[in-house]
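K.L.:
Pasted the sequence and its predicted model underneath.
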Amino acid sequence: MLQYLQNFWKFRNPLSPYRRTSRRDRAEFRELLSIWKPPAEQRVVLLRWQLTRWCNYSCPYCPQKHERHAPLGENHTAHAFDNYPVDQWVEAFRRHFAEQRATLVLTGGEPMLDRRSMPELLQALTTMKTVECIRIDTNARWDPQPYREIDRGKLILMCTFHPSEIEEAAFLRQLDVLMAEGFEIGQVNYVFTRENMREFERRWELFREKGIALYPNPLWGPSGYYDADELALLGRYLPKDVDYKYRARKESPQGQRCLFPAIGYQMDAVGRIQVGCHPSLAGSFFNADLPELFDGPVPCPMIRCGCIDMYSFLEGSGRVLGVNPLADHRRELLALDPNRELPLFERGAYPAEEPAAHANGAEGSVD
């Protein structure tokens, strides 16, 4: 009861800074607010949905269980459409996004494995006028044929290249297949383990020649470390200073003001949905109403943040993401010059911290 009262007073009190935006914050976040919470238009909500843990890969560094029917408690499984039928999910999307716009991130696991339910879901979501963009995080190793009837105009893929699971040539052929079918490749995440680093620069050039942005994706865990040269390599291929600070864990976001909880939710395969990174403000996607988002930027509660969808909304990030964030990020990556003047981190402006880990026991997803 005491915790409930504390949370109520902190988060729901109308006089709380979580429920009103100061003049300073309106000025600091002016550009982002004009895109995501325009004063004379419907706001845009960014919803990150981990709809499955089911995957056709078994990467040695991934901590997730990949079975479709892995239990999640209360008779639920790791796959959204085994928990509730597609039409029930679609009904909830239509209810919640009738009067507000949405940018969606569908992640897993591998979301595109379900050749029965995913085409039905995407067909419904792409025809909703209020849905601006649907990003799908994928390993790209699936058959596009069941998706041929779906309008690709709102879809963008964030593919991940796992060299431990697929050879380079086979992965590139699969990207060609997807692009020939009309899928837009926003970027390719590259699993940045020590073994994969040796080929990274060559592959970065190879993918760039094809017009595809390759993005180094560091992994963190208890086995192995990034040394100074490896971190310098990582930094050269990240487009902004803010990416290095948080992807290389040189700074903590904790306490910094962040707009993500004012515009974004995270949801799982059961439909449990929470405000930003605040699990105490959660509900069910199948309720009549969603948990109320904060009014404006609030202090980040997290010690670490490696998600570009989130840390880009921190104060001072230097990045303004539109309603198709991945397309904006792709432009940054394709404009990147790895031989540019050394940024702050290579001149030692950031304090040294604990070393980074490589493959096994990686924290979080590698979408």
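P.N.:
Perfect, I can see it now. Numbers count the residues shown, from 1 in each chain.

K.L.:
Could I get the contacting residues of the residue most central in space within the chain?
P.N.:
When the chain is reduced to its mean C-alpha position, the nearest residue by Cα atoms, centre = their mean turns out to be Asp309, at 5.0 Å. Under the criterion of Cβ atoms under 8 Å, 6 or more residues apart in numbering, the contact partners of Asp309 comprise Leu46, Arg48, Val105, Phe260, Gly264, Pro325. Quick note: C-beta positions are derived from backbone N, CA and C, even for glycine.

K.L.:
Return the residues in contact with Val177.
P.N.:
Val177 makes contact with Pro144, according to Cβ under 8 Å, 6+ apart.

K.L.:
that older thread, among the contacts of Asp309, which lie within helices?
P.N.:
Secondary structure assignment (DSSP state H) places Phe260, Pro325 from the contacts of Asp309 within helices.

K.L.:
Output the contacts of Asp309 in CSV; the columns should cover pLDDT, distance to Pro85 and neighbour count.
P.N.:
Formatted as CSV, the entries for these read as follows, by pLDDT from 0 to 100; distance: Cβ to Cβ, whole Å; neighbours: other Cβ atoms under 10 Å:
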residue, pLDDT, distance to Pro85, neighbour count
Leu46, 98, 25, 24
Arg48, 98, 22, 23
Val105, 98, 22, 24
Phe260, 98, 30, 28
Gly264, 98, 26, 24
Pro325, 97, 30, 22
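
K.L.:
Relative to Ala70, which of the contacts of Asp309 is nearest.
P.N.:
The closest of the contacts of Asp309 to Ala70 turns out to be Arg48 (Cβ to Cβ; 20.2 Å).

K.L.:
ok, for that closest one, nearest residue in space, not its chain neighbours?
P.N.:
Closest residue to Arg48 in three dimensions, ignoring its sequence neighbours and counting by Cβ to Cβ, 6 or more residues apart in numbering: Val105, at 4.4 Å.

K.L.:
So in terms of bridging, what pairs with that neighbour?
P.N.:
According to DSSP bridges, the partner residues bridging Val105 are Arg48, Arg135.

K.L.:
from now on call the first residue 27
P.N.:
All set: I'll call the first residue 27, so the last point we hit is now Val131.

K.L.:
re earlier: what strand or helix carries the residue nearest to the centre of the chain?
P.N.:
helix 334-337 (DSSP states H and E).

K.L.:
Tell me which residues of that helix come out buried.
P.N.:
Under the neighbour-count criterion of 16 or more other Cβ atoms under 10 Å, helix 334-337 has Ile334, Asp335, Met336, Tyr337 buried.

K.L.:
and it, what's its mean pLDDT?
P.N.:
The average pLDDT for helix 334-337 rounds to 95.

K.L.:
now the strands for the stretch 227-376 of the chain?
P.N.:
Secondary structure of the stretch 227-376 of the chain by DSSP state E, counting those that start in this stretch: the strands cover 240-244, 283-284, 290-293, 298-301, 304-310, 324-325.

K.L.:
residue boundaries of the helices in the stretch 127-276 of the chain?
P.N.:
Defined through DSSP state H, counting those that start in this stretch, the helices belonging to the stretch 127-276 of the chain, from first to last, are 143-152, 194-206, 220-223, 226-235, 254-262, 267-273.

K.L.:
Remind me what the fifth one packs against, helices and strands.
P.N.:
With contacts defined as 3 or more Cβ pairs under 8 Å, 6 or more residues apart in numbering; DSSP states H and E, the secondary structure elements packing on helix 254-262 are helix 220-223, strand 240-244, helix 267-273.
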